[in-house]
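> Return atomic coordinates for the entry below.
(one chain, ligands or ions: 1)
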Amino acid sequence: MIRMMMLTIFSGAVLMTILGATGATPQSGSTTKKSFGKTPDGQPVDLFVLTNRGGAEASITNYGGAVVSLKVPDRNGKLADVVLGYDTADGYVNDKSYFGALVGRYGNRIGHAQFMLDGKTYTLAKNNGENSLHGGIKGFNKAVWTAKILPIKDGQSLEFSYLSKDGEEGFPGNLRVTVIYTLTDTNSLKIVYSATTDKKTVVNLTSHSYFNLAGQGSGDILGHQLMIQADKFTPVDAALIPTGELRDVAGTPFDFRKPTAIGARIDQDEEQLKLGGGYDHNFVLRRSADIGESLAARVVEPTTGRVLEVWTTEPGVQFYTGNFLDGKTPGKGGVTYPRRTAFCLETQHYPDSPNQPKFPSVVLKPGERYHTITSYKFSVEK
Ligand code: GLA
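A predicted model of the protein is given here:
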């Protein structure tokens, strides 16, 4: 089959469209770009709409690199948007929940907002009690990323880049970050993160989508069936900082080795669940080193049949059940998002790793390349 590729550049609302057309398929993929509003200081912000050959669609903004919507089919082929988000850039400017965002320079918490490297103490802003959370006051989720639509290979791809300057939010080193999103024709949203630095630093990048596989705004996620490939998790103290222990999940409400409803044990009278207000914990993934992506978690939504598998090269995943959502912030299409109406599976190195010598290292040195991959793969079960 002869495949023709056309690159057409327009001006106006749709600035650029990349079409891959075979003529023989029901639908050819496309990526389009449109305005998504402005930052408070007047910088324009864009929304990229990636549509694959099967009609699944990911909308991603260069404000915070956030996934704004993700439309995937149910067992009858019906599309629904399975992530929480906002209709305009303003929502993301004001957001405190990290909806869909790229999180960095350090995803999750750093205890007492400080760490040491080579004998020097680095002090970060305290934006979560005494701790630093998700990169600080102005993390990567509040940055305007430089965007580039890439040529079609495995699907529709978008590259975001950002220079986090030496000293930004207290972190050492100019960090050059690149994130490539690909919506594949097999309904996977693949995220490839890369970074280099000119001074020794710490890096832990993640993506903070809030999923509801029945569709955003459709109620709680307590009936979703979850499996996490983890024999251990990292228990936390009252400030949600890991104590350093790797605790067996066996015999605890953290045992998701067999598919279990998220809500089956969430309100049990158990110390760790109480501290998290539900699940808000890092799981130690059962994976072999250096073999590329491994399956981290699988979630099934029984009423629609939608399935999400998370595959990653990372050693951990933060399972968070939206315990801080309060239904006050207006979301997409005017819906609100009450407590536990979404879950996050944030692939990562363990929280507070810079202060935990026994955890896998998050140090990046000049000359090295940070490189991690996470795929959110969607399918259906009958
Ligand atoms: C992560 C944290 C949670 C919470 C959310 C954002 O999942 O672990 O405690 O801060 O981000 O609201």
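
> those strands in the stretch 251-382 of the chain, which residues are they?
260-261, 280-285, 294-300, 306-312, 316-320, 344-348, 363-364, 370-380 (DSSP state E, counting those that start in this stretch).

> Serialize these to a markdown table and add fields for distance to the ligand, mean pLDDT and mean neighbour count.
Placement of C-beta: from N, CA and C, glycine included. Formatted as a markdown table, these follow (distance: least, C-beta to the nearest ligand atom, whole Å; pLDDT from 0 to 100; neighbours: other C-beta atoms under 10 Å):
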| stretch | distance to the ligand | mean pLDDT | mean neighbour count |
| --- | --- | --- | --- |
| strand 260-261 | 20 | 98 | 16 |
| strand 280-285 | 5 | 98 | 24 |
| strand 294-300 | 14 | 97 | 21 |
| strand 306-312 | 14 | 98 | 22 |
| strand 316-320 | 4 | 98 | 25 |
| strand 344-348 | 5 | 98 | 26 |
| strand 363-364 | 22 | 98 | 18 |
| strand 370-380 | 15 | 98 | 19 |
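
> So which bits of the stretch 201-350 of the chain are right by the ligand?
Applying C-beta under 6 Å from any ligand atom, we find that the stretch 201-350 of the chain lies next to the ligand at 240, 280, 318, 320, 324, 344, 346.

> what sits opposite the residue lying closest to the last one once chain neighbours are set aside in the beta ladder?
Leaving out its chain neighbours, the residue that sits closest to residue 346 by C-beta to C-beta, 6 or more residues apart in numbering is residue 318, at 4.1 Å. Beta-bridge partners for residue 318, by DSSP bridges, are residue 282, residue 346.

> Residue 318 and residue 134: what is the separation?
The gap separating residue 318 from residue 134 is 11 Å, by C-beta to C-beta, to the nearest Å.

> okay, and the common contacts of those two?
107-108 (C-beta atoms under 8 Å, 6 or more residues apart in numbering).

> which one of the residues of the stretch 201-350 of the chain next to the ligand is nearest residue 360?
residue 318 (14.7 Å; C-beta to C-beta).

> Contact partners for the closest one?
Applying C-beta under 8 Å, 6+ apart, the residues near residue 318 are 107-108, 206, 280-283, 344-346, 348, 351.

> Over to residue 150?
Per C-beta under 8 Å, 6+ apart, neighbours of residue 150: 157-159, 180.

> next one: residue 334
No residues are in contact with residue 334 under the rule C-beta under 8 Å, 6+ apart.

> same thing but 10 Å
Going by C-beta atoms under 10 Å, 6 or more residues apart in numbering, residue 334 touches 87, 217.

> Then residue 304?
When contacts are taken as C-beta under 10 Å, 6+ apart, residue 304 is in contact with 72-76, 78, 80, 82, 213-215, 218, 380-381.

> Regarding it, what are the backbone dihedral angles?
phi -100, psi -20 (degrees, to the nearest 10).

> Remind me what the host helix or strand of residue 80 packs against, helices and strands.
Assigned by DSSP states H and E, residue 80 belongs to strand 79-81. With contacts defined as 3 or more C-beta pairs under 10 Å, 6 or more residues apart in numbering; DSSP states H and E, the packing partners of strand 79-81 are strand 57-61, strand 67-73.

> so which of these comes closest to the ligand?
Nearest to the ligand among the helices and strands packed on strand 79-81 is strand 67-73 (15.0 Å), distances taken as C-beta to the nearest ligand atom.

> could you say what helices and strands the closest one packs with?
By 3+ C-beta pairs under 10 Å, 6+ apart, strand 67-73 packs against strand 44-51, strand 57-61, strand 79-81, helix 89-94, strand 175-184, strand 188-197, strand 306-312, strand 370-380.

> wait, doesn't residue 213 sit right on residue 307?
Yes. Taking C-beta atoms under 10 Å as the definition, residue 213 is a contact partner of residue 307 at 7.7 Å.

> any common contacting residues for those two?
In contact with both residue 213 and residue 307: 72, 225, 299-301, 378, using C-beta under 10 Å, 6+ apart.

> residue ranges of the helices in the protein, please?
89-94, 271-276 (DSSP state H).

> Next, the buried residues of the last one.
The neighbour-count check on helix 271-276 (16 or more other C-beta atoms under 10 Å) flags 272-273, 275-276 as buried.

> what's the offset of it from the middle of its chain?
Centre-to-centre, helix 271-276 and its host chain are 23 Å apart (C-alpha atoms, centre = their mean, to the nearest Å).

> quick one: contacts of that helix?
233-240, 247, 252-254, 265-268, 270, 279-281, 319-321, 323.

> Now, of the residues you listed, which are buried?
233-236, 240, 247, 252-254, 265-266, 279-281, 319-321.

> Turn the helices and strands packed on strand 79-81 into TSV, including distance to residue 88 and mean pLDDT.
What follows is the helices and strands packed on strand 79-81, written out as TSV (distance: least, C-beta to C-beta, whole Å; pLDDT from 0 to 100):
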stretch	distance to residue 88	mean pLDDT
strand 57-61	9	98
strand 67-73	10	98
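
> got the ones you listed as a markdown table, with mean neighbour count columns?
As requested, those are exported to a markdown table (neighbours: other C-beta atoms under 10 Å):
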| stretch | mean neighbour count |
| --- | --- |
| strand 57-61 | 25 |
| strand 67-73 | 24 |
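
> could I get these as a markdown table with distance to the ligand?
Formatted as a markdown table, the helices and strands packed on strand 79-81 follow (distance: least, C-beta to the nearest ligand atom, whole Å):
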| stretch | distance to the ligand |
| --- | --- |
| strand 57-61 | 18 |
| strand 67-73 | 15 |
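
> Any chance of JSON lines for these, columns distance to residue 45?
Listed next are the helices and strands packed on strand 79-81 as JSON lines, based on distance: least, C-beta to C-beta, whole Å:
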{"stretch": "strand 57-61", "distance to residue 45": "6"}
{"stretch": "strand 67-73", "distance to residue 45": "11"}
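
> Where does the prediction get shaky in the chain?
Counting by pLDDT under 70, the chain contains low-confidence residues at 1-26, 288-290.

> what residue lies at the spatial centre of the chain?
Residue closest to the mean C-alpha point of the chain, counted by C-alpha atoms, centre = their mean, is residue 207 at 1.8 Å.
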